[in-house]
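Trainee: fold the following.
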Amino acid sequence: MKISYKELPRMSYQFSFGLVDKFSFKLAVLVLLASLLSNSTYSQQEKNIFKKEIEDLIDHLSKEGKFSGCIVLSDRNSKRVIKKCVGFSNSGGTIKNDLNTKFSLASVGKLFTILAAIQLINDGKLNYEDKLDAFSFSFSDPRANDITIRNLLSHKSGFGHYWDDPEYKKSKTDLYQISDYVNFIEKKILEFNPGTNYKYSNEGFILLGRIIEQVSGQDYYSFVEENIFSPLNMKDTGFPSFSELDSTFAEPLTKTENGENVTFSEIMSVRGASDGGGYSTIGDMSEFINSIFNERFIDTTSLSLLISNFEDEKLETERAVFDFIGASPGVSATVGYHGPTGLNVVVLSNYDSPASETVVMGILEKIMKP
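Mentor: From the prediction side, this is the model:
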């Protein structure tokens with residue numbers, strides 16, 4: 001069975017393009033698919049055929065070397081509409097990816113830091129307008145003292161990335177704690193005055209992690225474990241050090257010039273931090289996204305701020321589309337949520353970006369094919 005694009009409007013499906021700054025087309029495609037599979041317009045036999053076509057597509061992309069990993073679409077009750085894993089978690093091709101495989105999240109891990117900050121704000125221990133001069137930092141650029149918590153959360157602090165910093169490169173195998181990063185980030189000069197521009201910032205999220213430590217009295221890793229992972233029973237999620245990775249973790253596989261996928265052996269950092277780099281399974285992440293967007297974990301105001309990049313506390317969350325993407329060598333991760341249906345998607349891959357995007361664009365082509 002082929003589902004044409006013209007058939008999709010029969011589902012009375014509406015997207016609110018204006019609600020999110022960067023609407024994810026790939027997320028929309030996956031939600032359309034899930035809506036199709038749950039819609040009473042189509043018989044169960046038709047749905048099964050279409051679901052099989054999507055699974056065959058993912059198998060095909062795997063055989064072509066374009067995708068290795070897992071995809072799960074779930075409804076608001078955590079019922080999995082589609083679950084599929086392909087490829088291998090090691091370069092030798094001897095260990096298959098499955099629902100228990102732990103994948104690197106790259107920047108998707110920033111969501112843990114965002115949720116931790118929101119919890120402290122809702123507990124009255126932190127405020128969106130608190131400035132960094134209220135905390136224990138020693139910045140070389142005095143403008144950094146005027147950065148607010150909101151600036152850090154919305155990537156408007158003026159800080160950028162530390163990947164090219166000589167001190168980072170020299171010490172990256174010794175970065176076990178958030179404070180280890182702060183030591184060289186404090187010396188950076190801001191790229192613009194706080195709040196006047198936007199630049200995606202790993203450095204800003206390191207500082208946010210350090211603030212969480214100072215306010216809570218716990219190290220960052222203990223705080224997110226105790227206040228996020230444990231309450232949500234995310235037993236397969238955490239920030240293991242490089243030496244703790246075993247066969248249950250997917251190796252990051254990056255392409256060589258001749259197109260061969262090999263293990264990315266360079267250590268980006270010895271352990272993930274508050275700017276990302278933790279590990280999780282698709283099951284854990286699906287439950288995490290469901291808990292956030294069905295407001296079992298944060299309130300409506302906080303959810304509105306999260307979706308609007310901390311600009312609009314009254315955004316209509318039930319109409320919003322949200323996604324969060326992470327990428328690094330041998331890692332491609334996407335999580336997303338669609339408000340009107342309560343559907344969430346998790347795509348985790350141990351291939352270079354755009355591995356997850358390739359899966360979704362393949363689905364799009366199949367949906368639109370007459």
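Trainee: residue closest to the middle of the protein?
Mentor: Closest to where the C-alpha atoms of the chain average out (CA atoms, centre = their mean) is V108, at 2.3 Å.
Trainee: quick one: that one and S332 touch, right?
Mentor: No - using CB atoms under 8 Å, V108 makes no contact with S332, being 10.1 Å away. Backbone N, C-alpha and C define where each C-beta goes, glycine included.
Trainee: mind listing the shared neighbours of the two?
Mentor: G326 (CB atoms under 8 Å, 6 or more residues apart in numbering).
Trainee: show me where the protein dips below the pLDDT cut-off.
Mentor: Applying pLDDT under 70 to the chain flags the ranges 1-43, 46-47, 50, 265, 267, 357, 359-370.
Trainee: can you give me the domain boundaries for it?
Mentor: 5-107+236-368, 113-221 (automatic domain parsing).
Trainee: ranges for the helices of the protein?
Mentor: Assigned by DSSP state H, the chain shows helices spanning 25-38, 44-63, 110-122, 149-153, 166-171, 178-185, 202-216, 220-224, 282-293, 300-307, 355-368.
Trainee: buried residues, the fifth one. List them.
Mentor: Of the residues in helix 166-171, those buried under the neighbour-count criterion (16 or more other CB atoms under 10 Å) are 168, 171.
Trainee: for it, which outside residues touch it?
Mentor: In contact with helix 166-171 (CB under 8 Å, 6+ apart) are residues 162, 175, 180-181, 183-184, 187.
Trainee: again, only this time at 10 Å
Mentor: 161-163, 165, 175, 180-181, 183-185, 187-188, 203, 268-270 (CB atoms under 10 Å, 6 or more residues apart in numbering).
Trainee: what is the burial count for S138?
Mentor: The burial count assigned to S138 is 9, neighbours taken as other CB atoms under 10 Å.
Trainee: kindly provide the distance from the nearest residue to it once chain neighbours are set aside to D275.
Mentor: Distances taken as CB to CB, 6 or more residues apart in numbering place E186 nearest to S138, at 5.5 Å, with adjacent residues excluded. Distance, E186 to D275, by CB to CB, to the nearest Å: 15 Å.
Trainee: these two: which has the busier surroundings?
Mentor: D275 (24 against 16).
Trainee: surely the more buried one is in contact with S107?
Mentor: Yes - counting by CB atoms under 10 Å, D275 sits close enough to S107 to count as a contact (7.1 Å).
Trainee: need the overlap of contacts for the two.
Mentor: Counting by CB under 10 Å, 6+ apart, the residues touching both D275 and S107 are 202, 205.
Trainee: about what we covered before: tell me who's in contact with the residue nearest to the centre of the chain.
Mentor: Residues in contact with V108 (CB under 10 Å, 6+ apart) are 276-278, 280, 285, 288-289, 323-327, 331, 333-335, 346, 348.
Trainee: switch to 7 Å and redo it
Mentor: The neighbourhood of V108, defined by CB atoms under 7 Å, 6 or more residues apart in numbering, consists of 276, 324, 326, 333, 335.
Trainee: quick one: the last one and G326 touch, right?
Mentor: No - contact between V335 and G326 fails when scored by CB atoms under 7 Å: they sit 8.6 Å apart.
Trainee: between these two, who's got more neighbours?
Mentor: Ranked by neighbour count (other CB under 10 Å), V335 and G326 place V335 first, with 27 against 24.
Trainee: quick one: contacts for the closest residue to S349 other than its chain neighbours?
Mentor: Nearest residue to S349, sequence neighbours excluded (CB to CB, 6+ apart): G69, at 3.3 Å. Applying CB under 7 Å, 6+ apart to G69 gives the contacts 87, 97, 103, 347-351, 355.
Trainee: mind redoing it with 10 Å?
Mentor: So G69 contacts 58, 62, 84-87, 89, 97, 101, 103, 250, 253, 282, 331-333, 347-351, 355-356, 359 (CB under 10 Å, 6+ apart).
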